[in-house]
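[1] structure for this input, please:
(one chain, ligands or ions: 1)
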Amino acid sequence: MNIAVVGCGYVGLVSGTCLAALGHQVVGIDVDQARVQSLQAGKVPIYEPGLSEMILQQTAAHRLSFTTDMATAVQNSQVIFVAVGTPPAPEGGYNLTMLFDAVEQIIKAANEPKTIVIKSTVPPGTGEKVAAQAATAPHRLEVVNNPEFLREGTAIHDFMNPDRIVFGAGTAEGIGALREIYQPLIDRGFNILSMSRASAELSKFGANAMLAMRISFINEISRLASAVGADIESVRMGIGSDPRIGPAFLKAGIGYGGSCFPKDVAALVHQMQTLKIEPHLLSGIEQANRHQREHFVQGILRVLEGRKDPQIALWGLAFKPDTDDIRESPAIEIARMLAAAGCIVRAFDPEAMANTRRLLGDTIIYAPDVPQATAGADAVVLATDWSVFITQNWPTIKAMMRGVHVFDGRNCLASGKVSAAGLHYYAVGRTPVPPGSTRHGSVGVVVAG
Ligand code: UDX
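    This is a model prediction of the structure:
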């Protein structure tokens with residue numbers, strides 16, 4: 001099928017490239033000429049494992065191309081995916097201007113009946129507004145919501161192996177077009193869930209809010225674990241082993257970040273307040289997330305109290321590993337808070353250095369690798385669980401440092417190895433481990449019998 005994808009940002013690029021890999025003829029459209037030119041030259045403006053290679057493959061196979069010419073691309077396509085940005089609005093909720101503008105341009109360009117697929121994350125009720133807008137077109141334009149559930153870092157795998165493909169359609173025609181597009185995945189047995197537009201939109205928000213809630217929940221419990229001498233990693237197993245609960249998204253740490261959870265939870269809170277529904281639980285998710293990173297920084301400052309010009313090696317800036325994305329990253333907030341408290345912060349991240357430099361300027365120091373971030377540090381603060389940090393040699397790290405403190409904001413380091421190297425290990429919701437001790441090494445399952 002001929003498909004146009006409006007917006008060559010993260011969602012548009014991943015979705016368009018994967019649709020081409022499913023065998024469709026895809027054209028990616030963007031207003032940013034420089035971005036389109038670099039994509040045409042095979043340069044991918046975002047970091048996502050496997051994406052560059054896949055874009056090169058699909059363009060070489062002539063299934064994927066890029067343009068700024070929206071009208072021609074729309075006219076040549078039966079289905080137009082809209083994957084433009086929906087940034088947070090200053091007054092709360094989402095700014096949907098780019099979405100409605102894109103739909104307006106599709107209406108103007110459409111020379112025959114077509115299907116518009118809303119891929120951007122939009123608050124419940126938006127699909128109906130787009131449908132009303134599309135109803136003013138001279139040709140029939142179906143409007144379908146098809147929310148994405150991609151995680152950065154594993155987006156291609158998630159697209160090709162979806163837990164569910166959600167169709168929020170007003171009509172059978174809309175569903176028919178989407179079914180045809182996803183047929184290769186349907187043939188492989190992946191689930192289609194067909195529902196109304198508002199239900200599709202709320203499914204996406206509900207899923208993200210639920211996941212964010214689990215993280216805030218375990219983080220709040222981790223505070224209690226510290227206070228009563230429990231170990232949050234054992235507690236996580238104790239809770240998550242119940243099949244009704246499960247262990248996923250119950251990892252305590254410095255809280256969630258990224259382009260989805262913070263924005264989506266805030267938008268839900270805003271929408272509920274607008275509709276005069278009190279968001280008792282949802283407002284708590286945000287608050288707990290904010291407190292978690294503040295609490296973590298207070299712990300660091302307490303340990304370093306009295307140290308003149310404390311030097312911090314900040315390991316990680318991205319909101320999670322395998323991405324250069326620093327949007328709402330707890331690591332960035334931690335860098336800010338530590339710098340504001342008078343610490344000298346030397347940071348290293350395998351991918352997010354350039355983005356961070358643009359945001360934080362010279363308020364922190366940018367190191368080109370782990371050793372240069374760590375040399376002379378009083379404390380290592382791990383804020384993103386990149387594997388390069390997890391696999392460090394701790395005696396070597398200890399030899400470089402001037403202090404002995406290691407703060408693990410993601411509970412991902414082997415405490416025994418850190419303390420055996422003569423370092424003091426602090427994690428989230430776990431008792432600190434002094435140098436030379438192997439206390440709370442690993443969480444194990446004891447098999448009776
Ligand atoms: C999320 C959803 O998972 C995805 O389905 C949706 O489409 C977009 O939002 P993403 O933002 O890429 O994806 O990241 P995700 O892997 O979900 O992690 C979000 C944040 O939560 C990260 O900062 C991560 O470090 C944190 N996290 C995750 C925890 O703190 N604990 C956990 O147990 C899991």
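
[2] next to the ligand, which bits of the stretch 151-300 of the chain? Give me the list.
    151-152, 208, 211, 215, 249-251, 253, 256-258, 260-261 (Cβ under 6 Å from any ligand atom). In short, each C-beta sits where N, CA and C put it, glycine included.

[3] mind running it again at 8 Å?
    151-155, 158, 204, 207-208, 211-212, 214-215, 218-219, 248-261, 264 (Cβ under 8 Å from any ligand atom).

[4] quick one, which of those residues are buried?
    Using 16 or more other Cβ atoms under 10 Å as the burial test, these include 152-153, 155, 158, 204, 207-208, 211-212, 214-215, 218-219, 250-261, 264 as buried.

[5] which SSE is the residue lying closest to Ala252 once chain neighbours are set aside in?
    Closest residue in space to Ala252, ignoring its immediate chain neighbours: Ser222 at 4.0 Å, by Cβ to Cβ, 6 or more residues apart in numbering. Assigned by DSSP states H and E, Ser222 falls within helix 197-228.

[6] repeat that for Leu301.
    Secondary structure (DSSP H and E) places Leu301 in helix 280-303.

[7] the helix or strand following that helix to helix 280-303, inter-axis angle?
    The first helix or strand that comes after helix 280-303 along the chain, using DSSP H and E, is strand 311-315. Interaxial angle of strand 311-315 relative to helix 280-303 (axes from the mean of the first three to the mean of the last three Cα atoms, to 10 degrees): 140 degrees.

[8] could I have the CA atoms of strand 311-315 written out in PDB?
    Extracted C-alpha coordinates of strand 311-315, given in PDB (Å, rounded to 0.1, in the frame of the first residue of the first chain):
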ATOM      1  CA  GLN A 311      33.500  16.600  43.000                       C
ATOM      2  CA  ILE A 312      30.900  14.300  41.500                       C
ATOM      3  CA  ALA A 313      31.400  11.900  38.600                       C
ATOM      4  CA  LEU A 314      27.900  11.700  37.100                       C
ATOM      5  CA  TRP A 315      27.500   8.500  35.100                       C
END
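
[9] relative to the whole chain's centre, how far out is it?
    23 Å (Cα atoms, centre = their mean, to the nearest Å).

[10] could you do stretch 116-130 as well?
    Worked out by Cα atoms, centre = their mean, stretch 116-130 lies 20 Å from the chain centre.

[11] domain map for the protein?
    2-195, 223-427 (automatic domain parsing).

[12] distance to Ser437 and mean pLDDT for these - can I get that in CSV?
    Output for the domains of the chain, formatted as CSV (distance: least, Cβ to Cβ, whole Å; pLDDT from 0 to 100):
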stretch, distance to Ser437, mean pLDDT
domain 2-195, 34, 95
domain 223-427, 5, 97
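
[13] nearest to Val433, of those?
    Nearest to Val433 among those is domain 223-427; the distance by Cβ to Cβ comes to 4.3 Å.

[14] could you tell me the end-to-end distance of that closest one?
    In domain 223-427, first residue to last residue: 11 Å (Cα to Cα, to the nearest Å).
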